[in-house]
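> Got a predicted structure here, sequence first:
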Amino acid sequence: MKEKPLHPDTIIQPNRVTMMRYAVTALEEDLFTLVMKTLQDELYEGRMMDRNLWGEPVLHFNLLEIAPELKPADTFKRLKKIKNREFEYIYTSKTSGKEVEVNGVLFPTVLKADNLIELKINTDALPWLLWVGGIEPGKTYFNKTAALALSGGHSKRLYKMLASWKANGGWRVSIDEFKEKLKVNHGLGNLKKKVLEPAKEELYNNLKSDIWFEYATETSEELQKQGGRGRKAHDQLVFKIHTRYRSSDERLEELRKGVGFEHFNEILKFLQGCLGLTSEKAINITGACTDEGDRFCNQRYKDLKGLREKTLTKPQAFNFFMSAAQKNSDNEIFKLRYKDCKSKI
């Protein structure tokens with residue numbers, strides 16, 4: 001019985017695939033995204049892949065569609081290395097009861113004819129590519145449009161890894177493990193400069209990406225317990241994952257202007273809680289916040305989190321919010337205080 005994916009653009013892949021270790025280029029990652037989409041179309045939609053004369057699944061792609069800005073020959077040259085991508089997994093034999101370790105390459109053959117390429121999939125890799133159980137169980141849900149819209153190879157890869165942790169709101173990983181997953185050997189300074197900062201900037205600015213992130217480095221408890229004098233080195237990355245949702249209310253979507261839904265929604269709910277659900281002032285102030293952009297709204301969101309720890313009346317909370325916003329904006333609307341709004345509602 002075939003299942004229905006959440007959305008035509010949603011790709012579901014096992015976490016073991018998301019978290020596998022390999023060096024990445026943007027073109028190879030785009031091709032791998034298209035491969036997973038084709039596999040999913042057969043698994044969930046019933047659209048069967050092509051098979052060769054020996055019944056092995058083969059995938060066909062147009063080089064001009066993968067990279068319209070490049071000559072097909074150049075695209076193919078850059079994609080040929082995808083045949084080096086390896087996989088491995090262990091399963092228990094039903095007949096002997098013993099563990100069987102499987103190692104191989106995902107795409108043993110890559111063919112080119114004019115502007116078309118054909119990838120042959122190793123059938124031994126299909127359980128690894130499609131099965132969501134095992135030692136590293138679970139699924140990653142990511143958006144095909146977002147994955148293809150990002151331009152950097154590390155941005156594309158990090159997008160998928162963070163998508164697997166989106167429901168948790170964050171991801172804590174050792175720096176060494178993170179570097180091993182991306183197959184990079186940078187020191188922390190270059191890791192930030194060449195991988196983390198460019199990816200952070202791209203996911204934040206590309207509104208087609210349904211998530212963006214902030215990160216920090218910390219010292220693990222294990223390292224702290226080792227004792228000794230002096231400051232311990234940071235050996236962990238801590239990601240905070242932000243999501244972008246879409247409201248069914250077109251007026252609110254227009255008002256949001258691409259600002260993260262979580263921040264937008266919390267600001268609007270707070271202002272409506274202070275001024276009333278039908279208050280146009282609440283709508284106008286929220287719109288003024290989104291005019292200032294996502295970073296401004298992120299700070300207002302932090303202000304609201306701070307307000308939850310205080311015992312304030314609605315007027316006091318509203319005035320605190322507006323005063324804090326006024327310090328970071330020239331918009332006259334933030335000069336309003338509760339008494340100004342209350343008398344005109």
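Sure, I can see it.
> so where does His60 fall, helix or strand?
Using DSSP states H and E, His60 maps to strand 57-62.
> what's next to the helix or strand immediately after that strand in the chain, contact-wise?
The C-terminal neighbour of strand 57-62 among helices and strands, as given by DSSP H and E, is helix 63-66. The contact list for helix 63-66 (CB atoms under 8 Å, 6 or more residues apart in numbering) reads 27, 30-31, 34, 72, 75-76, 79, 112, 115-117. Quick note: C-beta positions are derived from backbone N, CA and C, even for glycine.
> are any of those buried, and which?
27, 30-31, 34, 72, 75-76, 79, 112, 115, 117 (16 or more other CB atoms under 10 Å).
> coming back round to it: in its sheet, what does the strand holding His60 sit against?
Here strand 57-62 has these sheet partners by DSSP bridges: strand 50-51 (antiparallel), strand 116-120 (antiparallel).
> which of the residues in stretch 328-342 are buried?
329, 333-334, 336, 338, 341-342.
> Tabulate these in JSON lines, adding columns for distance to His263, secondary structure and pLDDT.
As requested, the buried residues of stretch 328-342 are exported to JSON lines (distance: CB to CB, whole Å; DSSP: H, G, I helix; E, B strand; the rest coil; pLDDT from 0 to 100):
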{"residue": "Ser329", "distance to His263": "15", "secondary structure": "coil", "pLDDT": "92"}
{"residue": "Ile333", "distance to His263": "18", "secondary structure": "helix", "pLDDT": "94"}
{"residue": "Phe334", "distance to His263": "16", "secondary structure": "helix", "pLDDT": "94"}
{"residue": "Leu336", "distance to His263": "20", "secondary structure": "coil", "pLDDT": "93"}
{"residue": "Tyr338", "distance to His263": "22", "secondary structure": "helix", "pLDDT": "93"}
{"residue": "Cys341", "distance to His263": "21", "secondary structure": "helix", "pLDDT": "86"}
{"residue": "Lys342", "distance to His263": "25", "secondary structure": "helix", "pLDDT": "71"}
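> could I get the residues you listed as JSON lines with distance to Ser174?
Formatted as JSON lines, the buried residues of stretch 328-342 follow (distance: CB to CB, whole Å):
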{"residue": "Ser329", "distance to Ser174": "40"}
{"residue": "Ile333", "distance to Ser174": "46"}
{"residue": "Phe334", "distance to Ser174": "43"}
{"residue": "Leu336", "distance to Ser174": "48"}
{"residue": "Tyr338", "distance to Ser174": "48"}
{"residue": "Cys341", "distance to Ser174": "50"}
{"residue": "Lys342", "distance to Ser174": "53"}
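> Ala67 contacts Leu27, doesn't it?
Yes - counting by CB atoms under 8 Å, Ala67 touches Leu27, with 6.1 Å between them.
> overlap in contacts of the two?
With CB under 8 Å, 6+ apart, Ala67 and Leu27 have common neighbours Thr75.
> got a list of what the closest residue to Ile333 other than its chain neighbours touches?
Excluding its sequence neighbours, the residue lying closest to Ile333 (CB to CB, 6 or more residues apart in numbering) is Ala288, at 4.8 Å. Contact analysis of Ala288 by CB under 8 Å, 6+ apart lists 329, 331, 333-334.
> How about the helix or strand containing Glu197, which residues are buried there?
Using DSSP H and E, Glu197 sits in helix 197-205. For helix 197-205, a neighbour-count test (16+ other CB under 10 Å) marks 198-200, 202-204 as buried.
> what does stretch 208-228 give?
Buried residues in stretch 208-228, counted by 16+ other CB under 10 Å: 209-213, 215, 220.
> which residues sit against it?
Outside stretch 208-228, the residues touching it (CB under 8 Å, 6+ apart) are 143, 145-146, 149-150, 158-159, 162-163, 166, 174-175, 188, 196, 200, 202-204, 232-245, 260.
> Where helices are concerned, which of the residues you listed count?
Judged by DSSP state H, helices contain the following of those: 145-146, 149, 158-159, 162-163, 175, 188, 200, 202-204.
> Including pLDDT and distance to Pro315, could those go into CSV?
Shown next, in CSV, are those (pLDDT from 0 to 100; distance: CB to CB, whole Å):
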residue, pLDDT, distance to Pro315
Thr145, 89, 44
Ala146, 91, 42
Ala149, 92, 44
Leu158, 96, 44
Tyr159, 96, 43
Leu162, 94, 40
Ala163, 91, 41
Ile175, 95, 47
Leu188, 92, 47
Lys200, 94, 38
Glu202, 94, 42
Leu203, 93, 38
Tyr204, 87, 35
